[in-house]
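next one to model:
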Amino acid sequence: MKISNFKFKILNSGFTIIESLVFLFIFSVITVTFYSAWSLGMKHIIESKNRMGATALASEKMEIIRNLQYDNIGVQSGIPNGNILADEDVTENGKSYHVKTFIQFIDDAFDGTYPDDSVPNDYKRAKVTVTWGGIGEVSLVSRFVPPGLEVDAGKGVLSINVMNSQGGVPQSTVHIVNNDISPAVDITLNTDNSGNLMFPGAEASTQKYQITVSKNGYETVATVDPLTIPDYNPVDTNASVSLGSINTKTIFQNKVSNLDILSIDMNDAPIPNAQFDIKGGRILGTKKISPFDNVYNLDEISVATNASGEKEYNLISPGQYAIYNIGSVSGYTFISTDPISPFSLIPDETKTVKIKFADDNADSLLVSVIRSDDSSPINGAQVRLSNGTGYDSTETTLEDGLSFFQAAAGAYNLEVSASGFQSYSSSISINKFISQQVILTPE
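So this is what the prediction gives:
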């Protein structure tokens, strides 16, 4: 039998291997398609079942509210106060649901808003939200009007605005606590799309409404009772409510930032375990005694970079920061920070700040240029270092009045000039690290 006439067959009357592979491929495609369709169908069935259960729970909760007397419609520790739980976990048919109820007075624009409307608590609005598994949500909203004519509740209006430089901060979580009134208030809600929360019918209270605002990617801000802060006058004090008036509390909440501090030599090589003090960020208040310095939410002393010469501050408040009291490092001399301290950290920024040291055994020169009248550093001075063998370098001082040169050991000519000052010139010899102070006299 010739090889060319040989055919591979599974059976004499069966399929060839190629035909079998094609059949298996088609069968696999059909099976996978069927399974995918079945899985998707089951997913929709389960989701529909969960949604029906959530809708039933929301309807049940809303029906309970409808059967209450108008004056009793409210959530426990809420504004207005009532007997309804603000948050509860419910298990229905083996499925766990979270039920959140929010009830508030509404100042309807139909009859004008406060202060044109002297009775801002026109009606109550109840919103019941049922969530499950972190992926599903059902909400029901109803309005409840008082029987007869609207009547002034004899209370005040608390308005909370959460703002930043771009405007209102939407969906910021606001936690309000006041244990100084009866019944006490302890509620957590989110701001609307304009960053506002409005509470007509709030009980009168002087600086006892403690407010904490938080949001992912933003700083957390909490108000304080000024009577409990002995050392400084706080900026963010608790809110007050006066009877018959609107009381607005504005809280500024910025996106958080990151700060990376590196301790390095003048060639950017890391220097480990460099100590420093740091303060800055959000201003909490001002000290009550002289000097009336600002109090910041970040204030640390004797911190240090790690073995890699790095110290990270993640998710911190933006603002002005200062790195100071730089500790000595054996074999090195502190030069400056880059950028110069103090420096600004803007919202949603990641900034790297370098603490620079010079090697005491490396040939180099640090020039400090100051004024003769008040010894303050001169910004923008031209510092030139040159010799007769080809070295010629000019640096411009910054706010700290410093210029740094890496040059071989030997004799050099140093020239310093600045607008409005008499020029300076002298000879200088470099051998390892040296520093030179130059005093310029105003013209």
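
point out where the protein drops to low pLDDT.
1-15, 38-45, 110-119, 148-154 (pLDDT under 70).

domain parsing for it?
Following automatic domain parsing, the chain resolves into domains at 28-153, 164-253, 257-359, 364-440.

in a markdown table, list those domains along with mean neighbour count and distance to Leu21.
The way it works is simple: take the backbone N, C-alpha and C, and place the C-beta from them, glycine included. Formatted as a markdown table, the domains of the chain follow (neighbours: other CB atoms under 10 Å; distance: least, CB to CB, whole Å):
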| stretch | mean neighbour count | distance to Leu21 |
| --- | --- | --- |
| domain 28-153 | 15 | 10 |
| domain 164-253 | 17 | 52 |
| domain 257-359 | 16 | 55 |
| domain 364-440 | 16 | 72 |
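
okay, those domains in JSON lines with distance to Glu19 next?
Below are the domains of the chain laid out as JSON lines (distance: least, CB to CB, whole Å):
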{"stretch": "domain 28-153", "distance to Glu19": "15"}
{"stretch": "domain 164-253", "distance to Glu19": "58"}
{"stretch": "domain 257-359", "distance to Glu19": "62"}
{"stretch": "domain 364-440", "distance to Glu19": "79"}
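
what does stretch 422-434 contact?
333, 358-366, 385, 407-417, 436, 438-443 (CB atoms under 8 Å, 6 or more residues apart in numbering).

CA atoms only: put it into PDB for me.
Extracted as PDB, the C-alpha positions of stretch 422-434 are listed here (Å, rounded to 0.1, in the frame of the first residue of the first chain):
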ATOM      1  CA  GLN A 422      27.400  98.200  45.600                       C
ATOM      2  CA  SER A 423      29.300  95.300  44.000                       C
ATOM      3  CA  TYR A 424      31.600  93.000  45.800                       C
ATOM      4  CA  SER A 425      34.800  91.300  44.700                       C
ATOM      5  CA  SER A 426      37.500  89.300  46.500                       C
ATOM      6  CA  SER A 427      39.800  86.300  46.200                       C
ATOM      7  CA  ILE A 428      38.900  83.000  47.800                       C
ATOM      8  CA  SER A 429      40.600  79.700  48.200                       C
ATOM      9  CA  ILE A 430      38.600  76.400  48.000                       C
ATOM     10  CA  ASN A 431      39.700  73.400  49.900                       C
ATOM     11  CA  LYS A 432      37.000  70.900  50.700                       C
ATOM     12  CA  PHE A 433      33.700  72.600  51.700                       C
ATOM     13  CA  ILE A 434      33.800  76.200  52.700                       C
END
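
so what does the helix or strand hosting Thr337 touch, helix or strand wise?
Per DSSP states H and E: Thr337 is located in strand 332-338. If you count contacts as 3 or more CB pairs under 8 Å, 6 or more residues apart in numbering; DSSP states H and E, strand 332-338 packs onto strand 350-359, strand 402-406.

is it possible to get CSV of the ones you listed that adds distance to Thr250?
What follows is the helices and strands packed on strand 332-338, written out as CSV (distance: least, CB to CB, whole Å):
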stretch, distance to Thr250
strand 350-359, 28
strand 402-406, 42
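
which neighbours in the sheet does the strand holding Thr337 have, and how are they oriented?
Strand pairing for strand 332-338, using DSSP bridges, gives strand 350-359 (antiparallel).

so what's the gap between stretch 322-342 and the chain middle?
28 Å (CA atoms, centre = their mean, to the nearest Å).

quick check: bridge partners of Thr333?
On the basis of DSSP bridges, Thr333 is bridged to Ala358.

repeat that for Thr350.
So, taking DSSP bridges as the rule, Thr350 has Asn258 as bridge partners.

wait, it touches Glu312, no?
No. Thr350 lies out of contact with Glu312 (CB atoms under 8 Å); the separation is 10.1 Å.

what do those two both touch?
Residues touching both Thr350 and Glu312 (CB under 8 Å, 6+ apart) are 258-260.

now the residues you listed as JSON lines including distance to Ile283?
Output for the shared contacts of Thr350 and Glu312, formatted as JSON lines (distance: CB to CB, whole Å):
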{"residue": "Asn258", "distance to Ile283": "20"}
{"residue": "Leu259", "distance to Ile283": "17"}
{"residue": "Asp260", "distance to Ile283": "23"}
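
ok, those residues vs Tyr70, which is closest?
Proximity of the shared contacts of Thr350 and Glu312 to Tyr70 was ranked by CB to CB; the top entry is Asn258 with 51.0 Å.

dump the residue contacts of that closest one.
Shown in contact with Asn258 (CB under 8 Å, 6+ apart): 312-316, 349-351.
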